[in-house]
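Participant: Dropping a prediction and its sequence here:
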There are 2 protein chains.
Amino acid sequence: MNWVNELAAIVAVESTGVARAGHASDVSGHEAVWPDAVALPVSAGEVAAVLSWANDRRIAVTPWGAGSSVEGNPIPVKGGICLSLERMNRVKEIRLGDRLAVVEAGTKYRELNRQLAGSGWQFAVEIGGDATIGGMIANNAAGPKAVKYGSTKAHVLGLEVALADGRLIRTGGRAWKQSCGYNLTQLFAGSEGTLGVITEAIVKLTPAPAVREVVAARFGSVRDAVGCLGELRRLDAGAIEFLDRSYMGFLGEVVADTLFCEFHTAGHGAAAERICRAGGAASVERAGEELWAARLRAYTASQEANPEARLLTTDTAVPLGAFGEMVEFLQQELASRRLTGYLLGHAGDGNLHVILPWRSAAEWAAVEAFHGAAVRKSLELGGTASGEHGVGMGKREFLAAEHGEGAVAVMRMMKQMLDPRGILNPGKVLPSQNVTYANGE
Amino acid sequence: MNWVNELAAIVAVESTGVARAGHASDVSGHEAVWPDAVALPVSAGEVAAVLSWANDRRIAVTPWGAGSSVEGNPIPVKGGICLSLERMNRVKEIRLGDRLAVVEAGTKYRELNRQLAGSGWQFAVEIGGDATIGGMIANNAAGPKAVKYGSTKAHVLGLEVALADGRLIRTGGRAWKQSCGYNLTQLFAGSEGTLGVITEAIVKLTPAPAVREVVAARFGSVRDAVGCLGELRRLDAGAIEFLDRSYMGFLGEVVADTLFCEFHTAGHGAAAERICRAGGAASVERAGEELWAARLRAYTASQEANPEARLLTTDTAVPLGAFGEMVEFLQQELASRRLTGYLLGHAGDGNLHVILPWRSAAEWAAVEAFHGAAVRKSLELGGTASGEHGVGMGKREFLAAEHGEGAVAVMRMMKQMLDPRGILNPGKVLPSQNVTYANGE
């Protein structure tokens, strides 16, 4: 492709098979698509230059963080350029007195926390994947600690964003309190790289908990476990996770519907033990790091146990009081459809995943049908199709059912306004786009 | 005006002098402007019908909550329609199990909390004005408790919004965790009624604190007081307020730079006392409701003490570590400019107000010059022109300096996209609009 040579005059480019294959898929089951070239900018200026050029040429550009997302968010489905932020990985400033850090978008959140170790401060979002902060903001990732700290979007004070036409803008700032104009920060957060490319972020730092009390409570029924959630949420809970009996069996643990919680105030672990015992728990114990590590590795473990399969992951989040009804619905649907599915979730905030392996077109159709039923039930309960993974490729079809045609029309207007030529992360978030790209030429 | 009769066929309208004068100004010093008519819809459908009609006729529409804002946000500077939500004041649902309430936009937050009294739950934003929840969302109000709970925008799960052309859309939903499409909720929150009219909101409920320990610490210098902030912030602080010596004198209290804090975990009051004593406080005491009430009445008290004056209120918020530098700068500027100004602020989150009375064009010029200097200093420190009052009329001129022309251009595109005929709350947020309205005809 002639345009790759042109691109290489602007930015470092790799177009070997190895490089392209390495930027063709995330950890989801969505089909890999190779980009034509991988661009590796080292500065916001280079990102902007790539976009300006690609916009003129109408070449598809798909931003890439670490490829750890689970909904196809960074798959370059139209080929073109994979715009990888991996070389923009500097922690530029850590300001404990201001409770913030300034990072390039390609910085891994674990690297920021490594640099913060011992300071008493943390970037408080913790997820399973080895993700970049830019990617976490773009997908609004959350993870188990969101019950206390909120999703990634709650940790962003400001952004630098490269727009589709190559303009660089800044949103927000360094103040913890801002009410000065339209909230562009929250428009780009969660937009999955379809409205602009995040190049830098000002993120909040949060005191690291001085106390960590971990409790595992095993129940004879989902209903008993769920009955404890209301009281557990009123403690200083850093995580309230639910793992269903079949998933615990899969992990080689005691087969029981299990609540797995972490508390950050001394004595709250003991209070949680009392709550769970009074709520009918068959056993309650102080747990260690092993089960916690197993929980964070849920997705990877599911893949390793089914090496030949692809995975579909549901991500519904329902109103808090409907969590039990949703769990029981999903268990019944799995049973009646005779599907294998690993059910686990963030019980503290109503977010539930079922990880479903599939190996054939017929199995795909079956897990897709289950997914549709799960989302319909979630919407019926007032919930969402996606609590933390984003819309990506797999949740687009539900957008109008969830938000209504009117709200989706406003989303389309925003896309049209900020990316009129449709070059940014095509095929994601919005249900369909009809654009012909020049990168095939 | 002929159009008022047309409007009256759509919605209840008041156009007496009393009604118009009662919807002509907020509590700020910005000049009152009478609307031509006050529309009093009782449903989202009526709001939508008014907008559809006004959009066709190009008649200015300024949404109105309770008129308690402090930056001219609801003043109908182009006349036309004041769209008051005051009759849409129902708490539609309180769902403790889901930790949410559904309210019509004209519901006062104090009314919601009155209905929640005794339940152990609260709507956690507390401000001085007797505001509506819709108005608080539109202006992203905050108040003293924001140091713990965040601004109003952090308490909104979903909205119903009437767009300028009369379409009704819903944003967000009832799940506490949402990552499903562009964040329209946060686009309308803080947009001050310039992008759409909020008609209904789903808001979070928060556990009411079981413990309340209030500490007042008086210091001999700003520097000593500010030196304690870092440690105080690490406690379970529900509020960390700063009142400077001259303001304390104005209140008839002990003349000293004072920190006034509230804590929600038993023993944290005592810990705060130790921190402040070690930090050089001249006196530390457990305080009661009186000083707290005085703090919340700061704005009203300033007006009552200067009945013949108007007030200009600065609203800068700086990075947390720069709070002391900002206080000292403002004190020096007040002294060198020989201005009377009441300095107080939300020390926990870097937000500072100076309330400046003025009585003449010359005094106005002087307080405006001070305001400009304060904002320039805040921006230089990485802060904002507005932490919680919104842009309204008085902060428009700083928008480009704060966000850059690029970001302001994106804000303009959003306004153009959602309100192409410019009928919604003209003259607010964005620096200038050139629209000729038909309501003068």
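Facilitator: Structure received.

Participant: and the next element down the chain from whichever helix or strand residue A:138 is part of?
Facilitator: When elements are assigned from DSSP states H and E, residue A:138 belongs to helix A:133-139. Using DSSP H and E, the helix or strand that follows helix A:133-139 towards the C-terminus is helix A:146-149.

Participant: hmm, that next one touching chain B?
Facilitator: Yes. For helix A:146-149 and chain B, the contact criterion (C-beta under 8 Å from any C-beta of the partner chain) is met by residue A:146. Yep, even glycine has a C-beta here, placed from its N, CA and C like the rest.

Participant: re earlier: with only the CA atoms kept, save the helix holding residue A:138 in PDB.
Facilitator: Only the C-alpha atoms of helix A:133-139 are listed here, as PDB (Å, rounded to 0.1, in the frame of the first residue of the first chain):
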ATOM      1  CA  ILE A 133      -4.500   4.500  31.700                       C
ATOM      2  CA  GLY A 134      -5.600   6.000  28.300                       C
ATOM      3  CA  GLY A 135      -7.300   2.700  27.400                       C
ATOM      4  CA  MET A 136      -9.000   2.500  30.800                       C
ATOM      5  CA  ILE A 137     -10.300   6.100  30.400                       C
ATOM      6  CA  ALA A 138     -11.500   5.500  26.800                       C
ATOM      7  CA  ASN A 139     -13.400   2.300  27.800                       C
END
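
Participant: Quick check: mean pLDDT of that helix?
Facilitator: Average pLDDT, helix A:133-139: 98.

Participant: Also stretch A:25-44?
Facilitator: Mean predicted lDDT for stretch A:25-44 stands at 97.

Participant: ok so, going back, quick one: residues in contact with the helix holding residue A:138.
Facilitator: A:63, A:65-66, A:68-69, A:71, A:73-74, A:85, A:103-109, A:112, A:123, A:125, A:127, A:141, A:152-153, A:156, A:159, A:188-193, A:198-199, A:201, A:203, A:389-390, A:392, B:179 (C-beta atoms under 8 Å, 6 or more residues apart in numbering or on different chains).

Participant: Can you select the buried ones from those residues in ChimeraX?
Facilitator: To isolate the buried ones among those in ChimeraX, judged by 16 or more other C-beta atoms under 10 Å in any protein chain shown, type:
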select /A:63,65,66,68,69,71,73,74,85,103,104,105,106,107,108,109,112,123,125,127,141,152,153,156,159,188,189,190,191,192,193,198,199,201,203,389,390,392 /B:179
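
Participant: Now, the contacts of helix A:133-139 that are in strands?
Facilitator: Mapping these onto strands (DSSP state E) picks out A:63, A:103-104, A:156, A:159, A:198-199, A:201, A:203.

Participant: Kindly tell me how buried the closest residue to residue A:65 other than its chain neighbours is, as a neighbour count.
Facilitator: In this structure, residue A:65 finds its nearest non-sequential neighbour in residue A:135, 2.7 Å apart by C-beta to C-beta, 6 or more residues apart in numbering or on different chains. By other C-beta atoms under 10 Å in any protein chain shown, the residues close to residue A:135 number 29.

Participant: Let me see the domain layout of chain A.
Facilitator: Following automatic domain parsing, one gets these domains for chain A: A:2-86, A:91-207, A:211-296, A:306-415.

Participant: Quick check: buried residues in the helix or strand of chain A with the lowest mean pLDDT?
Facilitator: Every helix and strand in chain A was compared by mean pLDDT, DSSP states H and E; the lowest is helix A:289-296, with a mean of 74. For helix A:289-296, a neighbour-count test (16+ other C-beta under 10 Å) marks A:291-292, A:294-296 as buried.

Participant: Quick check: phi and psi at the residue in the stretch 251-400 of chain A positioned nearest to chain B.
Facilitator: Using C-beta to the nearest C-beta, the closest approach of the stretch 251-400 of chain A to chain B is made by residue A:321 at 3.1 Å. With angles defined as degrees, to the nearest 10, residue A:321 sits at phi -70, psi -10.

Participant: Do I have it right that it meets residue B:174?
Facilitator: No. Counting by C-beta atoms under 8 Å, residue A:321 stays clear of residue B:174, with 9.5 Å between them.

Participant: who's in contact with the residue nearest to residue A:167 when sequence neighbours are not counted?
Facilitator: Distances taken as C-beta to C-beta, 6+ apart put residue B:406 closest to residue A:167, at 5.3 Å, once the chain neighbours are dropped. Residue B:406 is in contact with A:163, A:167-170, counting by C-beta under 8 Å, 6+ apart.
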